[in-house]
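S.K.: Next input, structure requested:
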Amino acid sequence: MMPYAITDSGWRAIEKDWILIEGETYSRTLPPNLLIKDEHDERARLAMSTMRELQSLASYAITPLQAVLDVGEISEEDYASWRKWKHYVILLSQTPAREGWPDNPDWPTTPAL
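M.R.: This is a model prediction of the structure:
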């Protein structure tokens, strides 16, 4: 079992003879509150990773639509699609602020490609 240097908000694995930094205490086990925090942080990292993937998909869809919009050659159908994707990006960016984050994110419905 590896020892740990524990603070009020985190921990780091250490070797037995390592020097503790001010504010750290030595422990052979992680306190339950830090295990819970670590699990929560991991769920948040996974949710952020999913959000980045969804943002990448949105960018892939928006880029060609934005180009035809910029040069004034966008069709009504493409303009409607562009608006849906832009609205999706807005909703996606608001996901971390909605209830359920990060355990059960309320992802917006992805528009059709």
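S.K.: elements contacting the helix or strand L35 falls within?
M.R.: Assigned by DSSP states H and E, L35 falls within helix 32-70. Identification of packing neighbours for helix 32-70 by 3 or more C-beta pairs under 8 Å, 6 or more residues apart in numbering; DSSP states H and E yields helix 76-94. Where C-beta positions appear, they are placed from N, C-alpha and C, glycine not excepted.
S.K.: for the residue nearest the centre of the chain, what are its contacts?
M.R.: For the chain, M48 is the residue whose C-alpha lies nearest the centre (C-alpha atoms, centre = their mean; 1.2 Å). Contacts for M48 (C-beta atoms under 8 Å, 6 or more residues apart in numbering) come out as P96, P102.
S.K.: again, only this time at 10 Å
M.R.: T95, P96, W101, P102, P105 (C-beta atoms under 10 Å, 6 or more residues apart in numbering).
S.K.: any idea how far H40 is from the third one?
M.R.: With the distance defined as C-beta to C-beta, to the nearest Å, W101 ends up 11 Å from H40.
S.K.: Next: the fourth one.
M.R.: Distance of P102 to H40, computed by C-beta to C-beta: 7 Å.
S.K.: Looking at these two now, which is surrounded by more residues?
M.R.: P102 (18 against 12; other C-beta atoms under 10 Å).
S.K.: element containing the more buried one?
M.R.: Assigned by DSSP H and E, P102 belongs to neither a helix nor a strand.
S.K.: Same question for the one 3 residues further on.
M.R.: Take DSSP H and E as the rule and P105 turns out to sit in neither a helix nor a strand.
S.K.: Quick one: neighbours of it, just the number.
M.R.: By the criterion of other C-beta under 10 Å, P105 has 20 neighbours.
S.K.: my guess is it meets S49, correct?
M.R.: No - between P105 and S49 there is no contact under C-beta atoms under 10 Å: 11.3 Å.
S.K.: For the two, list the residues in contact with both.
M.R.: In contact with both P105 and S49: no residue, using C-beta under 10 Å, 6+ apart.
S.K.: circling back: and which of the contacts of M48 is nearest W11?
M.R.: Taking C-beta to C-beta as the measure, W11 lies nearest P102 of the contacts of M48, at 20.3 Å.
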